[in-house]
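> Pasting the sequence and the predicted model now:
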Amino acid sequence: MRNPIPWLNPPASAATQLDVATVSLVQALGILVVAWLLNRLVRISLDRLCTRYDFERAFAIGTRRLLGILIYTTAFLAILQRLGVSGSALWATLTGFIAVAAVAFFAAWSVLSNIFCALLILTTRPFRLNDQVELLENGDKPGLKGRVIDINFVHTTLHETNEDGSDTVLQIPNSQFFQKITRRWR
């Protein structure tokens with residue numbers, strides 16, 4: 001039985017402390033390995049699902065990124081808890097961070113708009129990867145034109161070939177595709 005007065009308790013031996021640290025380190029590595037295996041399983045399953053049901057490649061990439069962030073964040077929190085970080089302190093820190101992030105995202109409404117528009121592009125499919133698209137200012141003026149090479153949460157990347165043979169890359173905010181007329185060629 002331990003003495004209730006802390007300064008009368010004998011200190012733990014260095015070997016015991018080393019054993020505890022080793023066990024915690026092994027558990028942390030185990031959590032990382034399980035997270036990596038789970039992430040691989042999710043990637044393989046998602047690739048098979050997208051192939052089977054003909055989902056857009058950009059949708060699979062975005063979903064993989066989101067699920068990977070979720071898996072590794074959960075693993076990080078589990079590792080911190082195994083290393084002795086208090087769950088209530090961790091929860092208070094996490095909710096405080098989320099509150100600050102929510103205020104920052106509210107202040108950056110254009111970023112949220114582009115993320116929402118990316119989700120709409122990936123679900124409604126007004127265009128797909130490798131489609132030739134053009135954003136028109138008005139119906140009669142030529143606009144930004146190119147082949148879609150990437151769609152992410154903030155912008156869509158177009159590969160533009162100029163008349164002189166040079167080529168450039170355009171990064172257009174996703175919200176622009178819902179504010180202007182879009183012409184598409186397949």
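Thanks, I have it. Residues are numbered from 1 along each chain as shown.
> the helices in the protein, which residues?
Remark: helices assigned in the chain by DSSP state H are 14-53, 57-82, 87-107, 109-124, 176-179.
> got the angle for the lowest-mean-pLDDT helix or strand in the chain vs helix 57-82?
Ranking every helix and strand in the chain by mean pLDDT, DSSP states H and E puts helix 87-107 at the bottom, with a mean of 83. Here helix 87-107 runs at an angle of 150 degrees relative to helix 57-82 (axes from the mean of the first three to the mean of the last three C-alpha atoms, to 10 degrees).
> which residues sit against helix 87-107?
With contact meaning C-beta atoms under 8 Å, 6 or more residues apart in numbering, helix 87-107 is reached by L77, L80, Q81, V111, L112. Where you see a C-beta, it was placed from the backbone N, CA and C, and this is true even at glycine.
> Over to stretch 53-72?
By C-beta under 8 Å, 6+ apart, stretch 53-72 touches 35, 38-39, 42-43, 46-47, 49-50, 118, 122-123, 125, 128-129, 150-153.
> So which bits of it are buried?
F55, E56, A58, F59, A60, I61, G62, T63, R64, L67, I71 (16 or more other C-beta atoms under 10 Å).
> May I have the predicted confidence score for the first one?
By that I understand F55. F55 is assigned 81 on the pLDDT scale.
> Next, it: phi, psi?
phi -80, psi 160 (degrees, to the nearest 10).
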